[in-house]
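Asker: give me a model of this one.
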Amino acid sequence: MKLKSNKKFLDKCFEGKLTTTDVYTYTEKITEFDLQKLVLLKLDFLEYKKRIVLDKIGEIKYDPKFITMELNKDHIPVITNLFKKQEETDDEKVHEAIFDAEVDEFCDEFLPGYFKPFNHAERIVRLKTDEVINKMLQEDEAMNKNIIESNLKWEGKPAEFGEWIKSAIEAKCITGGNDEEIFRQFCKFLNFNKFSKKNTIQKLKDRGEDTIFLNKLIEKFTNWKIK
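Answerer: The predicted structure is shown next:
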């Protein structure tokens, strides 16, 4: 999600032209309340505010309050720490992190009330994001309570684990949850923390019709039977 795609929406938020319902409805439409999309929308709010602040910093430096704080060597949000870090490093990510962390404090100090309707809209998105995160944490906690602690360990490869569990799911031998939940519970039960379902399943699909691990299981089982 790029700032450009939400520019008109953010303009209206800044101008105070949207109601709480308008902001909530747009947020639902553009993100479907997906956590990753909500986070990207939050970042768009931050980027929009930063661009406005950057445009106004030249003007604010002539503000009597700014000049007084500068003469007294008082801490000036964004400016003081950014100046220090620029002397220490050329890493733009470090500089940007300071700006991100202190831009709201800067606005409170030198632009009080300037972003009031914008901040209200941003808060709606932030609260929804927090709600989604909390719901996910609660679901994880509830799921973890239902998983039996075990000393068992999966010693095979990630691809073998994926092939085994996915085959059992497709054969309807394991039920009671979606793929994500089933993989997560088996990973925990077998103390297998190095498994990425998305990457592994895609690799298995790309591999074609080969069932290397299942063939290995058949071979080992057959050998056991004829002993």
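Asker: in the least confident helix or strand in the chain by mean pLDDT, which residues are buried?
Answerer: The weakest-scoring helix or strand in the chain, judged by mean pLDDT, DSSP states H and E, is helix 197-206 (a mean of 80). In terms of neighbour count (16 or more other CB atoms under 10 Å), helix 197-206 has its buried residues at 197, 200-201, 204. (C-beta placed from N, C-alpha, C; glycine too.)
Asker: run the chain-centre distance for that helix.
Answerer: The chain centre lies 22 Å from the centre of helix 197-206; the measure is CA atoms, centre = their mean, to the nearest Å.
Asker: want to throw the buried residues of helix 197-206 into TSV with distance to Leu38?
Answerer: Below are the buried residues of helix 197-206 laid out as TSV (distance: CB to CB, whole Å):
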residue	distance to Leu38
Lys197	22
Thr200	27
Ile201	25
Leu204	31
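Asker: specify which member of those is nearest to Glu70.
Answerer: Lys197 (53.9 Å; CB to CB).
Asker: so where does the spatially closest residue to the closest one that is not a sequence neighbour fall, helix or strand?
Answerer: Residue nearest to Lys197 in three dimensions, not counting chain neighbours: Phe183, with 4.7 Å by CB to CB, 6 or more residues apart in numbering. Assigned by DSSP states H and E, Phe183 belongs to helix 179-189.
Asker: compute the inter-axis angle for the least confident helix or strand of the chain and helix 179-189.
Answerer: 110 degrees (axes from the mean of the first three to the mean of the last three CA atoms, to 10 degrees).
Asker: now the angle from the helix or strand just after helix 197-206 to helix 197-206?
Answerer: Using DSSP H and E, the helix or strand that follows helix 197-206 towards the C-terminus is helix 212-225. Interaxial angle of helix 212-225 relative to helix 197-206 (the same axes, to 10 degrees): 80 degrees.
Asker: who's in contact with Ile212?
Answerer: Contact analysis of Ile212 by CB atoms under 8 Å, 6 or more residues apart in numbering lists 159-160, 163.
Asker: pLDDT of the host helix or strand of Asp11, averaged?
Answerer: In this assignment (DSSP H and E), Asp11 forms part of helix 7-15. For helix 7-15, mean pLDDT is 96.
Asker: report pLDDT for the nearest residue in space to Lys37 that is not next to it in sequence.
Answerer: Nearest residue to Lys37, sequence neighbours excluded (CB to CB, 6+ apart): Thr31, at 3.7 Å. We have a pLDDT of 94 for Thr31.
Asker: Thr31 against Lys42, yeah?
Answerer: No. With contact defined as CB atoms under 8 Å, Thr31 does not count as touching Lys42 (9.9 Å).
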